[in-house]
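1. Have a look at this prediction, sequence included:
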Amino acid sequence: MSVARSDNDTWEITESVGATALGVAAARAVETESDDPLIRDPFARLFLDVAGEGVWSWYDHPDLPAEVLEAEPELPARMQGMVSYMASRTAFFDTFFLDATNSGIRQAVILAAGLDARAWRLPWPDGTTVYELDQPKVLEFKSSTLREHEPTCNRIAVGVDLRHDWPTALQQAGFDASAPSAWSAEGLLPYLPAAAQDLLFDRVHALAAAGSRIAVEALGPRFLDPEFHARRRERMDRIQALMAKADPTRQIPRTDELWYFEEREDVADWLRRHGWDVSVTPAAELMAGYGRRPPAEVEDGVPQNLFVAGQKA
C-alpha cells in the first residue's frame with residue numbers, strides 16, 4: 001500500500017489510497033458477519049470477492065501465525081479494536097445521514113465515497129439524492145461490482161479529484177446550493193495536505209445553504225505527536241518483520257505512509273468560526289456509546305480521532 005504521494009496522483013481501487021477503501025470494506029465485512037454486528041453492510045463482501053486477496057485482507061483473516069502471536073500477544077486485540085472502531089465510525093455516519101434526511105434534507109454529499117455502500121443499504125426517504133464524490137476509477141469499480149443491485153436513493157456518482165474543481169462538477173451533476181444539504185468527510189482528512197483541507201471546508205461552506213449539516217471524522221490532538229507516531233511506526237516495523245518470516249504472502253497495511261503530517265486547524269474550531277453549531281465526540285466515547293469499547297489491555301488500541309457534527313445556522 002506504500003506509494004509516494006504527489007499533487008495530482010491517481011489510483012486504482014487496489015493501489016495507494018484506493019486500497020485503503022478495500023481495507024475498510026474488509027473491516028465492515030468482518031463486523032457484518034460477526035455474532036452481534038453493530039452495522040450491516042452486505043455489499044462489503046462483494047467488493048472483496050471481486051478484488052481478491054491483498055494488503056486490504058488484513059482484518060479479514062484474524063488467524064495469525066503462532067510465532068507472531070507469541071512475539072506480539074496484543075495484536076489480536078488491536079485488530080479487533082480496529083474492526084470495532086470502523087463499525088462505530090460507520091454507525092455514526094449512517095445515523096447522521098438518516099437523521100439529516102428524516103428532518104427534511106434531500107441532498108446528501110459523500111466526500112471521498114470510496115466503497116461506502118450507503119446509497120444501496122440505507123433506508124433513504126423518498127426523493128433523496130446522494131452525490132458520491134471520488135476518483136473516477138474508484139467509483140467505476142463500485143458501480144461495476146454493484147451493477148445488479150438497485151440503490152435505495154437517487155445516486156449520482158461524480159468522478160472527480162477532491163483537490164480539483166469538484167464544486168463545479170457537483171453542481172453540473174444537479175446539486176442545488178440554494179437548498180439544505182448533508183455532507184460527510186469520513187476517512188479523508190489525513191490523506192489531504194493542510195491547505196487542501198482548508199480549501200475543502202471553504203468549498204463546503206460556500207455550497208451549504210442555511211440548515212445544512214456536516215459530519216467529519218477529524219484528526220485528534222495526537223496526530224502530530226512525534227513520540228506517538230514513532231511508537232506506532234516501531235510497532236508496525238516489528239510486526240512486518242515477524243510476518244515476513246512467518247508468512248511472506250501476507251502484507252501489513254501501512255496507511256500512515258499515505259498521510260500528510262502537517263499542522264492544520266481543528267475542524268470544530270473552523271466550523272464554529274464560520275457560523276456552524278458543532279458537537280464533538282472523541283472516538284473512545286463514540287465506541288463506548290455503541291458498546292464497542294476500545295481494548296482496555298492495549299495502549300493506543302484505536303485511532304484518537306474526533307467525530308464532529310455540525311449544523312449551519
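-> Arrived safely. Because the structure is predicted, anything quoted here is derived from the model rather than measured. Residues are numbered from 1 along each chain as shown.

2. Contacts for stretch 70-88, please.
-> Stretch 70-88 is contacted from outside by 24, 27-28, 30-31, 37-39, 58-59, 62, 64, 68-69, 238-239, 242, 283, 286-287, 290, 292-295, 297-298, 301-303, using Cβ atoms under 8 Å, 6 or more residues apart in numbering. To be clear about C-beta, it is placed using only N, CA and C from the backbone, and glycine gets the same treatment.

3. Name all residues that make contact with the residue sitting nearest the centre point of the chain.
-> The centroid of the chain falls nearest to Gly187 when counting by Cα atoms, centre = their mean (2.8 Å). Contact analysis of Gly187 by Cβ under 8 Å, 6+ apart lists 20, 24, 89, 112, 114, 217.

4. isn't the fifth one right up against Val138?
-> Yes. Contact criterion Cβ atoms under 8 Å: Gly114 and Val138 qualify, at 6.4 Å.

5. Comparing these two, which shows the higher neighbour count?
-> Legend: neighbour count by other Cβ atoms under 10 Å for Gly114 and Val138, higher for Gly114 (27 against 23).

6. Quick check: which element contains the closest residue in space to that one that isn't next to it in sequence?
-> Residue nearest to Gly114 in three dimensions, not counting chain neighbours: Ala21, with 3.5 Å by Cβ to Cβ, 6 or more residues apart in numbering. Following DSSP states H and E, one finds Ala21 within helix 16-32.

7. Summarise which helices and strands that helix is packed against.
-> Secondary-structure packing of helix 16-32 (3 or more Cβ pairs under 8 Å, 6 or more residues apart in numbering; DSSP states H and E): helix 44-51, helix 75-102, helix 136-145.

8. In CSV, list those helices along with mean pLDDT and distance to Asp225.
-> Shown next, in CSV, are the helices and strands packed on helix 16-32 (pLDDT from 0 to 100; distance: least, Cβ to Cβ, whole Å):
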stretch, mean pLDDT, distance to Asp225
helix 44-51, 92, 32
helix 75-102, 94, 19
helix 136-145, 94, 31
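
9. Can you say which of these is nearest to Val160?
-> Comparison of the helices and strands packed on helix 16-32 against Val160 by Cβ to Cβ identifies helix 136-145 as nearest, at 7.5 Å.

10. Just the CA trace of that closest one, in CSV.
-> Presented in CSV, the C-alpha positions along helix 136-145 are these (Å, rounded to 0.1, in the frame of the first residue of the first chain):
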residue,chain,number,x,y,z
PRO,A,136,-13.3,8.1,-11.3
LYS,A,137,-11.6,4.6,-11.2
VAL,A,138,-12.8,4.0,-7.6
LEU,A,139,-16.4,4.9,-8.5
GLU,A,140,-16.2,2.8,-11.6
PHE,A,141,-15.1,-0.2,-9.6
LYS,A,142,-18.0,0.3,-7.2
SER,A,143,-20.6,0.7,-9.9
SER,A,144,-19.5,-2.3,-11.9
THR,A,145,-19.4,-4.5,-8.7
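
11. Okay, buried residues for that helix please.
-> By 16 or more other Cβ atoms under 10 Å, the buried positions in helix 136-145 come out as 137-139, 141-142, 145.

12. Over to stretch 48-59?
-> 48, 51, 54-59.

13. Among those, pick out the one closest to Ala246, please.
-> Trp58 (14.2 Å).

14. what about the helices in this protein?
-> Taking DSSP state H to define them, one finds helices in the chain at 16-32, 44-51, 66-71, 75-102, 118-121, 136-145, 166-172, 194-207, 226-246, 267-273, 283-289.

15. Among these, show me which one is buried the most.
-> helix 16-32 (a mean of 24; mean count of other Cβ atoms under 10 Å).

16. I'd like to check the angle between it and helix 75-102, please.
-> 90 degrees (axes from the mean of the first three to the mean of the last three Cα atoms, to 10 degrees).

17. Output helix 16-32 as PDB - backbone C-alpha positions only.
-> The C-alpha atoms that make up helix 16-32 are tabulated as PDB, following Å, rounded to 0.1, in the frame of the first residue of the first chain:
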ATOM      1  CA  SER A  16      -2.400   3.700  -2.800                       C
ATOM      2  CA  VAL A  17      -5.400   5.400  -1.200                       C
ATOM      3  CA  GLY A  18      -7.800   3.200  -3.200                       C
ATOM      4  CA  ALA A  19      -6.600   0.100  -1.300                       C
ATOM      5  CA  THR A  20      -7.500   1.700   2.000                       C
ATOM      6  CA  ALA A  21     -11.100   1.700   0.900                       C
ATOM      7  CA  LEU A  22     -10.900  -2.100   0.400                       C
ATOM      8  CA  GLY A  23      -9.300  -2.400   3.900                       C
ATOM      9  CA  VAL A  24     -12.200  -0.500   5.400                       C
ATOM     10  CA  ALA A  25     -14.600  -2.700   3.500                       C
ATOM     11  CA  ALA A  26     -12.900  -5.800   4.900                       C
ATOM     12  CA  ALA A  27     -13.500  -4.400   8.500                       C
ATOM     13  CA  ARG A  28     -17.100  -3.800   7.700                       C
ATOM     14  CA  ALA A  29     -17.500  -7.300   6.200                       C
ATOM     15  CA  VAL A  30     -15.900  -8.800   9.400                       C
ATOM     16  CA  GLU A  31     -18.300  -6.800  11.600                       C
ATOM     17  CA  THR A  32     -21.300  -7.700   9.400                       C
END
